[in-house]
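Asks: Make a model of this:
(3 chains)
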Amino acid sequence: MTTPESTGKPTVKIQLNGSEVEADPSQPLIRACHDHGVDVPMYCYHPGLHPVGSCRICQVEVKQGEAPPRVVAACRTSVAPGMVVDTESPKAHETRRECLEFLLKNHPLDCPICDKAGECDLQDYAFQEGQGEGRSSEPRRKLHKRRSLGDVIVLDEERCILCSRCVRFFEDVTGTAQLAVTGLGARSVIDTFMGRPLTGNYQGNVADICPVGALTLKRFRFQARVWNLTKTVSHCAECSRGCAITVEVLRRKQVKRFRPRFDPNVNQYWMCDTGRFAFDHVEIPACEPGELTGGRLTDAVQRGAHGVAGQGVAGSGVGARGLEAVDVDRALGRAADALTGAAARAIVLSPFVTQEEAGAALELARTLGAEVCFVSPPPNGLQDDLLHTGDPCPNRKGLETLGVPGLGADDVRARLAKAGVAVLVGERVQELIGLERLAALTGGVRLIVLDLVAHDLPGLEVALGVPCHVEKQGHWLNVDGLRRDLAIARSAPAGVEPLTRLLGQLAGAVGRPAGATAEVRR
Amino acid sequence: MTEIVIWVVKVVVVWGALLTTAAIMSLAERKVSAWMQYRYGPNRVGPFGVLQPVADGIKFIMKEELVPAGANRLLFRIAPALSAAPAMLAVAVIPFGYTAVIAGHEITLSVADLDIGILYILALGGLGVYGVILGGWASNSKYSLLGGLRASAQMISYELTLMLSIMAVVLMAGSLDLRQIIEGQRAFLDWNIFYQPLAFVLFTIAMFAETNRHPFDFAECEPELVGGFHTEYSSMRFALFFLGEYCAMTVMAALNTTLFWGGPSVPFWPDAPWYVGVVAFIVKTSFFLFLFIWVRWTLPRLRFDQLMRLGWQALLPLALANVMVTGAVIALTAN
Amino acid sequence: MVILQRKELTLAERLYLPEILRGLSITFRKFFKKAITRQYPEEPLPKDEVTRGQPRLVVKDDGHLACVSCGLCEAACPAYAITIDGHEVDRPIEREPERFEIDMLRCILCGFCEEACPKDAIFMSDELELADLTRAELVYGIDKLKRPRSALQKRIDYVYRINDRWRNSSSTP
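Replies: Numbers count the residues shown, from 1 in each chain, chains lettered A, B, ... in the order given. I've put the predicted structure just below:
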């Protein structure tokens, strides 16, 4: 919000709290204040939406020319040359406090229950500027506490301060005006048109921009206290746009929220609900005790030499040779043996692998003389003209830049059918090729899988666990070729090694003569 | 045959009494200290905690025995025995009564009547320090080593005072035989305490030092040396050191009674039956055992230099002077 | 600078013996005094509303926990002993704890949770004894923590009383 955008634009000089600063006259005064590090509270103003000046909390004292100083709403006042702005004058403080008192008059005291507590602007400014006790003896408004506005959002009408950010979001950003302030005076509430549920792929954003806890996400409601969430700067994996997000993890384990992060070049302040709720790809439960498939793969599994009773045999129809758990070193040794012994080798990457991992895979391919491609699923039909590209491959551009061709699932299958040994690399690679395609592979190809989960595929030789995209470092290139960095938001389950390391060790192991590869040293 | 039976019975009774005393002392030490500090002391095992020594014994036996790395294993193992054995042997010459007549047999109430009983006790007392020194040295621990060194320096220093204070009594009795000494004190007014009060004070002080008891327990000295010579000991070997200490205390208390307080002599009742004499001996010895505890929970520990100065500069000259004066007086009166 | 004059000791003092005897007489007299030890399990500790024992959760008279799982005690806890997960319930008070765990081995009985609680839901009870065979047993869940309000009433009254005093004194300038 406070990123100065004055470069190359005409500026004017104003006096801000006693110092002369340059401000962009096309922006409201509050923007100039924020750009120069002066904290002016705001509820209705949002840098991504058109200002309306409904909350009046941003009032500051402005003196222009010879006229006596006036208290004006900074979000609705344009910057004019020679303005003398005082945000901290007693009058400004007084006005803001009175304004706050009105806002708090009907605001319920349910901060202990409210999900916004801890990141609530009303709470922060009430603590900063307001008075400790209310003076009103009238009862507070009684309104609906739980109004469902569609599948994503719940509205608490009591908490709402009618800033109309959500209304303007649907007007300005998605262009599908769905919310409005209905009713008059003290009976004003936010409502959808004719009570219809909200639609669209961008509803979640209104919960982010709501300055209080009035609009909350159904998926996040009462899930965690926000101060318990560890926030990590990362990028969304759901499409090739690569929106800037923060990954918010509860107690170092559970990913609770993906929230958009301001990125002027890609997603501004927003993200789509597909990406916002894409927990399924990172919250894979652990395997049931005693099972090796059906959950997150830690360490490794391999096709047992003689089969282990009760494991992986039942229902898979693969005969007596079941899966057995094995440590990473031995699994890598087994994989290296399989690779050295085979004639035709193929490497199939997931479109989720980072550039670094792709580099390691290409190194392995060079060592093996193998063909490399990545699985390129068809567009998923979620494309819109705002953010979602419809292409579920976050690193398509990066892989293509590296010269890795993208193949459709059937082409991948055809390539696998010709190979003797194939390495499937990266999270969700099996899913994207299609489990039924992999299960129906003929020609006796042996699969070395590096994925989040293991499946009891007939051709499976070895499967190793890999970190998912919130558990690794690296970068993707988005659809526009912009670098999208990933950071470790939580550690991978114990036993899961970084993919680059696994690939590097595999490349090192196959470089050695057969027989010496049984033990891979780390 | 009867001789042997009597002898065996005496050995069993005296050693049994000695070890029982040591066990009782381990409880009494805690009880007395507790009472002096407004506490109860051990009171959970048996009525009033009387079974506490048994519980302690069981625990000592059950505990794992640790031998530190780098310890001299042989010496480390025999040191506790070396510490306990001399005190247990010394008790043999202590006369705990005059002569008993049971079923027509005249029985002298001591395990062994040696003509040189005092020399025997002093010799064994000198041996007792070996256990401490060897235990400290063999542990391969700086604390143990320092404890052992201190113990040796202290014991050598105070043995002189101890001997010289005894010498005065020996001069009075004209014999090294303990039975001779108690025979000479049969009458109340013949008790050596009335003729040798200085020797008694010197002996008592040296007695504390000789048994490594407060305020001279530099061999242990918890604040400085953790546990002194027995820092590294555990289990029954640790218990043996304690047994040795309590046996030595008992012997010293009995010796004090014998030398200065008439042994089994009962005041104003010279013809008291032998068992009354034994009771009198036990009462007197018990008082000195109580004194050991009493002093321990009253006085603070000295500093090591104070201990040495006291031994060499105060007690030793006094003891020498006492012997000389006693000798001179005896020589003069004999003439 | 102060020059301390060391007192010359008299002969009796230098002999120490009289002082030793005096010391012995003191300990001997104490010997007969009554013990002041508290025989703990038989003679329990005195408890009143000031006793700050283990924290307990208040069950309101309607049978529900007073706790709304706001997490303030969790945040206030200096020993990180408290873990709370909330969930939505279909009552006017929309949230209650699904999991409320206090690791009693971590709890230092400081009372910060009681002070932090905006809902009068957690109070320091007078329960002090803590013993079990496994560590897991000592992580107390809701079932072990909840107490009817009446059981904690004395402490609740006390906390209200001292908070009122605090409030009055701070509002006067």
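Asks: Can you give me the buried ones in the longest strand belonging to chain C?
Replies: Ranked by residue count and defined by DSSP state E, the top strand of chain C is strand C:95-103. Buried residues in strand C:95-103, defined by neighbour count with 16 or more other CB atoms under 10 Å in any protein chain shown: C:95-97, C:100-103. Glycine gets a C-beta too; all of them are placed from N, C-alpha and C.
Asks: Repeat that for stretch C:82-92.
Replies: Quick answer for stretch C:82-92 (16+ other CB under 10 Å): C:82-86, C:88.
Asks: Please compute how far the longest strand of chain C lies from its chain's middle.
Replies: With CA atoms, centre = their mean, to the nearest Å as the basis, strand C:95-103 stands 21 Å off its chain's centre.
Asks: how close does the closest residue to residue B:147 other than its chain neighbours sit to chain A?
Replies: Excluding its sequence neighbours, the residue lying closest to residue B:147 (CB to CB, 6 or more residues apart in numbering or on different chains) is residue B:228, at 2.9 Å. Using CB to the nearest CB, to the nearest Å, residue B:228 is found at 48 Å from chain A.
Asks: Quick check: closest non-adjacent residue to residue B:280.
Replies: Leaving out its chain neighbours, the residue that sits closest to residue B:280 by CB to CB, 6+ apart is residue B:266, at 4.7 Å.
Asks: secondary structure class for that neighbour?
Replies: Put simply, residue B:266 is coil when judged by DSSP: H, G, I helix; E, B strand; the rest coil.
Asks: what about it, distance to residue B:282?
Replies: 12 Å (CB to CB, to the nearest Å).
Asks: cool, residue B:127 as well?
Replies: 26 Å.
Asks: Now do residue A:279, the pLDDT please.
Replies: Per-residue pLDDT puts residue A:279 at 91.
Asks: residues touching it, list them.
Replies: residue A:255 (CB atoms under 8 Å, 6 or more residues apart in numbering or on different chains).
Asks: before we move on, what SS does it have?
Replies: coil.
Asks: next one: phi and psi at residue C:87?
Replies: phi -150, psi 160 (degrees, to the nearest 10).
Asks: now the residue lying closest to residue B:188 once chain neighbours are set aside: how far from residue B:276?
Replies: Using CB to CB, 6+ apart and skipping residues adjacent in sequence, the residue nearest residue B:188 is residue B:267, 4.1 Å away. Note on residue B:267: its distance to residue B:276, by CB to CB, is 11 Å.
Asks: check contacts around the nearest residue to residue B:282 once chain neighbours are set aside.
Replies: Of all residues not flanking residue B:282 in the chain, residue B:96 sits nearest, at 7.7 Å (CB to CB, 6+ apart). Counting by CB under 8 Å, 6+ apart, residue B:96 makes contact with B:14, B:109-110, B:254, B:263-264, B:278, B:281-282.
Asks: Scan these and report the most crowded one.
Replies: residue B:263 (31 neighbours; other CB atoms under 10 Å in any protein chain shown).
Asks: From residue B:280, how far off is that one?
Replies: 8 Å.
Asks: what does residue B:303 give?
Replies: For residue B:303, the distance to residue B:280 - CB to CB - is 39 Å.
Asks: who's more crowded, those two?
Replies: residue B:280 (22 against 10).
Asks: residues touching residue A:25, list them.
Replies: Residue A:25 neighbours (CB under 8 Å, 6+ apart): A:10-12, A:78-81.
Asks: switch to 10 Å and redo it
Replies: A:9-12, A:14, A:32, A:78-81 (CB atoms under 10 Å, 6 or more residues apart in numbering or on different chains).
Asks: Next one: it from residue A:59, what distance?
Replies: On the measure of CB to CB, residue A:25 and residue A:59 end up 20 Å apart.
Asks: coming back round to it: of the buried residues of strand C:95-103, closest to chain A?
Replies: Chain A lies nearest to residue C:95 out of those, by CB to the nearest CB, at 4.9 Å.
Asks: looking at it, the closest one is touching residue C:64, isn't it?
Replies: No - Residue C:95 is beyond contact range of residue C:64, at 11.2 Å (criterion: CB atoms under 10 Å).
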